[in-house]
Every structure is written in C-alpha cells, then in structure tokens.
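Dropping the sequence and predicted coords here.
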Amino acid sequence: MIVCKDLFAGAVVVVSIVILLALFSIQQFGTRKVGFLFASILALWFFCLGSIGLYNLLKHDITVLRAVNPAYIISSSKRTVELHGQHSEAVSSVLQVHFSY
C-alpha cells in the first residue's frame with residue numbers, strides 16, 4: 001500500500017499549486033472580492049466539518065462528550081490514582097485546587 005502514498009503525494013502538490021495560481025490570478029480584482037470568495041469557501045468547509053461531526057456523534061456514541069466535563073476528568077484521575085497509586089504533578093495540582101474549596 002505504499003504505492004498509494006506516493007500517488008497522493010503528487011496530487012497534494014498539484015492541488016496546492018492550482019489553488020495558489022487561482023488566488024494570484026483573482027488578486028487583481030481586489031482584496032474585497034478575494035476575501036468574499038475565500039470566506040464563502042471556508043464557511044462552507046466549516047459547515048461541512050460540523051455537520052459530519054454532529055452526524056457521527058449522533059450515529060455512533062454521544063457519550064464521548066463526557067470527556068469535556070471537568071467532573072468526569074477529575075473522577076477519572078482519581079480512579080487512575082486508586083489503580084496505580086501515582087499521577088502526574090499537573091493532575092495533583094488540579095486535584096488540590098479543586099478539593100481545597
């Protein structure tokens with residue numbers, strides 16, 4: 001499967017050159033038009049990324065969002081300490097600050 005890696009490496013360079021040439025060729029129309037075009041493309045790109053992410057969250061497992069919850073992080077750190085008996089200095093400082101209140 002190394003052949004596929006070499007196949008796409010050349011495609012990335014070609015696509016990058018085409019994008020740069022397109023940007024430089026429309027530069028003569030002014031930064032307002034270039035910015036409007038580029039902003040529209042980026043907005044569409046970010047909308048697609050968000051839609052794909054939301055779809056995958058709903059389809060597969062939405063419980064992955066627990067990782068963002070600080071309480072889950074702290075409880076996970078406490079379980080790690082109970083299992084292994086040690087943790088990093090960063091985790092210990094967070095736990096000390098959290099439980100000092």
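Cool, got the structure.

going forward, measure contacts between C-alpha atoms and count neighbours the same way
Fine.

what's the next secondary structure element after the helix or strand encompassing Leu21?
Taking DSSP states H and E as the criterion, Leu21 maps to helix 2-25. Where DSSP H and E defines the elements, the next helix or strand beyond helix 2-25 is helix 31-59.

tell me which residues of that next one are tucked away?
If you call a residue buried by 16 or more other CA atoms under 10 Å, then helix 31-59 has these buried ones: Val34.

got the contact list for Leu23?
Val34 (CA atoms under 8 Å, 6 or more residues apart in numbering).

what's the spacing between it and Val14?
Counting by CA to CA, to the nearest Å, the separation of Leu23 from Val14 is 14 Å.

if I look at the residue sitting nearest the centre point of the chain, how far off is Lys78?
Of all residues in the chain, the one closest to the mean position by CA atoms, centre = their mean is Leu49, 9.6 Å from it. Here Leu49 is placed at a distance of 34 Å from Lys78 (CA to CA).

I'd say Ala67 and Ile73 touch.
Yes: Ala67 lies in contact with Ile73 (CA atoms under 8 Å); the separation is 6.6 Å.

which of the two has more neighbours?
Counted by other CA atoms under 10 Å, Ala67 and Ile73 do not tie: Ile73 has more neighbours, with 14 against 11.

Who are the contact partners of that one?
With contact taken as CA under 8 Å, 6+ apart, Ile73 is in contact with Ala67.

Distance of it relative to Val64?
As for Ile73, its distance to Val64 is 12 Å (criterion: CA to CA).

for the chain, which spans come out with low pLDDT?
The model of the chain has pLDDT under 70 over residues 1-9, 81-101.

can you rerun that using 50?
Along the chain, the parts satisfying pLDDT under 50 run over 1.

What separation do you get for Ile17 and Leu58?
On the measure of CA to CA, Ile17 and Leu58 end up 37 Å apart.

now do Asn69
Asn69 sits 18 Å away from Leu58 when distances are taken as CA to CA.

now swap in Ser40 and tell me
27 Å.

same deal with Val68?
Distance from Val68 to Leu58, by CA to CA: 17 Å.

and what of Ile52?
Look at Ile52 and Leu58: by CA to CA, they are 10 Å apart.
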